[in-house]
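[1] Sequence and predicted structure, then a few things I'm wondering about:
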Amino acid sequence: MTAMSLANPQRPVPSRAMALAAVAGLSCALAIGKALPVTMDAISSALVPLCATAAESSPLDKVEPIGSYALPNVPGKRVTVVRVFYGPGGFSRPHRHAGSVTAYITKGEIRSQLGGGPVETFGVGQSFFEPPGSTHLVSANASMTEPAELIAVFVADEGAQLTTLLE
C-alpha cells in the first residue's frame, strides 16, 4: 500500500490540524463514554518496545503515550495514540506493528519506507498509513539539525505488543 498525503496548498496547515484534532477528540470522547481508559502505566508498558527503538538513536528521541481506549463497537480492538519525537538525525530501528497505524506529521519532516516501497519524506500536515504486519524499514527524522514529531494512531488487538523490532 502506498503512503497518502493530506497536503493541500490551498488550505493552511492549522485548518487541517484543527480538523484532525476535532475528529480525534470526538472519537476519544465516544470511546471514553463507552469504556474505561487504560491507566498510563499500562499504556507505557505496552509501548516499551516502541520507546526502546527510538532511544537507541538519540537521547532526544522519545515516545509519549497520549491515550488508549477500547473500541466499544469492535470487540477485542483498542486504539492507542502516541506522540513520537525524533531529535536531529533521530530514527527507529526497522520494526513492524501488530495492527494498523496512521501517522500524522506535526513538526519537521519524517522519512519513511515500508517493505517493498520507496523511501518517502513527509512534512507537517501530511500523513502515511501502515497496514497490519507491514515492515517499517525506515522511520527517521529527515533533518540532521532540526527536531521532528509525529502523532501515531494504532488500532490493534487488546493486549497486543504494538511494536516488534526486526533483526
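    Cool, got the structure.
[2] next SSE after the helix or strand of the chain with the lowest mean pLDDT?
    Across the helices and strands of the chain, mean pLDDT, DSSP states H and E gives its lowest value to helix 40-55, namely a mean of 40. For helix 40-55, the following helix or strand on the C-terminal side (DSSP states H and E) is strand 62-70.
[3] What residues sit buried inside that following strand?
    62-63, 65, 67-70 (16 or more other Cβ atoms under 10 Å). The C-beta positions use only the backbone N, C-alpha and C, and glycine is treated the same way.
[4] partner strands of it, parallel or antiparallel?
    strand 77-86 (antiparallel) (DSSP bridges).
[5] Now the partner strand: average pLDDT?
    Averaged over strand 77-86, pLDDT sits at 96.
[6] Which residue ranges of the protein form strands?
    Per DSSP state E, the chain carries strands over the ranges 62-70, 77-86, 91-92, 95-97, 100-107, 109-114, 120-123, 127-130, 135-141, 148-157, 163-165.
[7] Confidence-wise, which of the ones you listed is weakest overall?
    Among those, strand 163-165 scores lowest, with a mean of 89.
[8] just checking, what packs against it?
    Strand 163-165 sits against helix 40-55, strand 95-97, with contacts defined as 3 or more Cβ pairs under 8 Å, 6 or more residues apart in numbering; DSSP states H and E.
[9] Can you name the residues in contact with the shortest one?
    Strand 95-97 is contacted from outside by 49-50, 53, 130, 132-136, 139, 154, 156, 162-166, using Cβ atoms under 8 Å, 6 or more residues apart in numbering.
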